[in-house]
Every structure is written in C-alpha cells, then in structure tokens.
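# Next one to model:
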Amino acid sequence: MTDEATAFVPGHITGFFSAHPHENPAIAGSRGAGVALSHGVRVTVRRTDDDAVPTDSGPTNDTKESNSGVNHPDGTTLNGDTISMPPVDTVRRSLDVSGAEVHAETQLPLGSGFGVSGAMALGTAYAANAVFDAEHSENELVTVAHRAEVEAGTGLGDVVAQARGGLPIRLEPGAPGHGTMDGVPGCPRVEYLTFGEVSTAEVLSGDTTTLTAAGERSLADLRERPTADRFLSLSRRFAREADLTTDRVESVIADVRAAGGDASMAMLGETVFAFGTALSDAGYDPEVCDVHPAGSSLVVE
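Residues are numbered from 1 along each chain as shown. Modelled structure (predicted):
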C-alpha cells in the first residue's frame, strides 16, 4: 500500500456519436469517434484515516450512499476547489474506498466537451486501485468508471475512449467485454476554442433519435475511409444534422473554412476544434495540444 497515487487521463473530444441506452450501465454507451488530447486530467487519490480497506470481493454495482465519507466537504477537488462529482463518488463506493480524498488538476474547462468528468472517474479508479492494492485489471477499472459516468448521466463514451487514447472509434457501445474499439491512424496537432458549457445530461435525457441517426451515418462513412480529415468533416456534418451547433460555433467554423481549413464542434460543449493550424490560420488564438496516442495510466513520480 501507499498513501497516495496519481493517474493521468487524456481529455477527450467526441466528434460524433449515437446514443445506446440500456438498463445495465456496463452495456449502455455510444458509438462514434473522437480525439484523445495531451491536455488531460491528473487525478491524485490520498488515503484518509477513515478509509475502508477494500475486500477481495471485487468492484460492486451498489450506488447507494455510504456512511464512510462520500459527503466529506474536502472529499473531491478540481484545481483546488471543492466540487460535487457524482461519478467519482460512485467509483469510490464501487471500490469500497468512499473516504479517500480525490484531487484533480486540469487546464481543461468542465462541461465544455472535454470529458473531464469521465477523466476524473477513470483517474480515481486507477489511482485508488494502486493506493489500496485492490488488484483489479485495467478492464475492470474502466468498467467501474464507465458505469459510474453512465449512471450519473454525464457521458456515454468518454471513459472507454480515454482508456484507449489516439483517435478512437467506438464501434459498439459499452464497457470492456461489451463494447468494441478501433481507431483512426494519425497524431495531428489539435487546436481548440471554448466559449461555454452544454449540459450533457439534458441532451442525453431528451429525444436522441435524430442525433443517433446522424451519428450512425457518420460512423458508417468514417469506417469506409478512416482518416483524420474525414473524421473532422463528418464531425462537422453531424453537428449540423443533429442541430447542436450554436451561432458562435457556426461563425468560427465558417471563418476556418473561408481560410481553407476545416473545424467542428466538440460533443457536448460550445467548443470548436480543428487539426493543424486551421484556427490560427483563420485569425484566432486557440489553445494548442497534441493527440495523446496512449490511453490513461498511472504517473510515476
């Protein structure tokens, strides 16, 4: 055992997706494609005096409130601020370490299409597994985090994509053992601009029929020609067909295309992303990072 451990989880932008709900959150998920980012989330789990030591019974599916510290005022922080993060609470309960402190740091904004909640859930699973010598496999930890995010309504496909890295294609929905993955070869430079938040829970709890049909078309077309440029153009088409773009996003995309490039909207956030120097060439001052080719991992200090 150790007193603390840290995991790094890449940010994740979804370009397009189709929603596939199921009563079993391990089977629920999304199909689609996205980008794992070198800008990500560092999650540190620290042991506290009242931590429960996990038994060897494995992760639990119980999502009831625990008496061992889920509601600690200092239980979860993001960039130093105490926050409520239900997927993290569920991961701690599932691993029977509800009192463990979780401290996350990131330059990515919350609620803007970068998979921060999924990253915090997955990072918590990886780091808690190390702190408490829980001896779960990677697939088991990804499943715990995926279930937690689906149950919270904060995402359907970020966790499995963040575990994989690169330009992941989610061929079938669900956690490991249910979902299947592929990827687009390549590691382009990524630029992005963020204007604000979009409620993932509101979108996913509404009628997703049109959105899912658009996502299925985009996935079928990408599988015929899996390139980074094709992914970006299909993402732009999806955002419009699903009626998710805002006026500000549309304006930036139009400027990028007028300058000879291409861009799209991150799902789900008021964020525009592009490859290469497309946003810079259009006169914007974007954040810049790379594709993170590897998935989530523990950090060796």
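
# for this protein, what spans make up the strands?
With DSSP state E as the criterion, the chain has strands at 4-20, 29-46, 76-78, 81-82, 101-106, 168-172, 180-183, 189-197, 264-265, 269-275, 287-290, 297-298.

# Same list (those strands) but as TSV, adding mean pLDDT.
What follows is these, written out as TSV (pLDDT from 0 to 100):
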stretch	mean pLDDT
strand 4-20	97
strand 29-46	98
strand 76-78	97
strand 81-82	96
strand 101-106	98
strand 168-172	98
strand 180-183	98
strand 189-197	93
strand 264-265	97
strand 269-275	96
strand 287-290	98
strand 297-298	96
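
# Deepest in the core, which of those is it.
Mean neighbour count (mean count of other C-beta atoms under 10 Å) peaks for strand 264-265 among these, with a mean of 28. Glycine gets a C-beta too; all of them are placed from N, C-alpha and C.

# can the strands of the chain go into CSV with extra columns for distance to residue 89?
Formatted as CSV, the strands of the chain follow (distance: least, C-beta to C-beta, whole Å):
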stretch, distance to residue 89
strand 4-20, 17
strand 29-46, 13
strand 76-78, 7
strand 81-82, 13
strand 101-106, 9
strand 168-172, 25
strand 180-183, 27
strand 189-197, 21
strand 264-265, 30
strand 269-275, 23
strand 287-290, 29
strand 297-298, 21
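
# out of the ones you listed, which comes closest to residue 145?
Among the strands of the chain, strand 4-20 comes nearest to residue 145, with 9.1 Å by C-beta to C-beta.

# now for that closest one, which elements pack on it?
strand 29-46, helix 116-131, helix 158-164, helix 209-224, helix 228-241, strand 297-298 (3 or more C-beta pairs under 8 Å, 6 or more residues apart in numbering; DSSP states H and E).

# Now that strand - C-alpha only, PDB.
What follows is strand 4-20, C-alpha atoms only, in PDB (Å, rounded to 0.1, in the frame of the first residue of the first chain):
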ATOM      1  CA  GLU A   4      -1.300   8.300  -2.500                       C
ATOM      2  CA  ALA A   5      -1.100   7.700  -6.200                       C
ATOM      3  CA  THR A   6      -1.700   9.800  -9.300                       C
ATOM      4  CA  ALA A   7      -3.100   8.900 -12.700                       C
ATOM      5  CA  PHE A   8      -3.100  10.800 -15.900                       C
ATOM      6  CA  VAL A   9      -6.200  10.600 -18.200                       C
ATOM      7  CA  PRO A  10      -6.200  12.400 -21.500                       C
ATOM      8  CA  GLY A  11      -9.000  14.800 -22.300                       C
ATOM      9  CA  HIS A  12     -11.400  13.600 -25.000                       C
ATOM     10  CA  ILE A  13     -13.300  15.400 -27.700                       C
ATOM     11  CA  THR A  14     -16.200  13.500 -29.300                       C
ATOM     12  CA  GLY A  15     -16.700  14.500 -32.900                       C
ATOM     13  CA  PHE A  16     -19.900  12.500 -33.500                       C
ATOM     14  CA  PHE A  17     -21.900   9.800 -31.700                       C
ATOM     15  CA  SER A  18     -25.000   7.700 -31.400                       C
ATOM     16  CA  ALA A  19     -26.700   7.100 -28.100                       C
ATOM     17  CA  HIS A  20     -27.400   3.500 -27.000                       C
END
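
# Nothing else from me, thank you.
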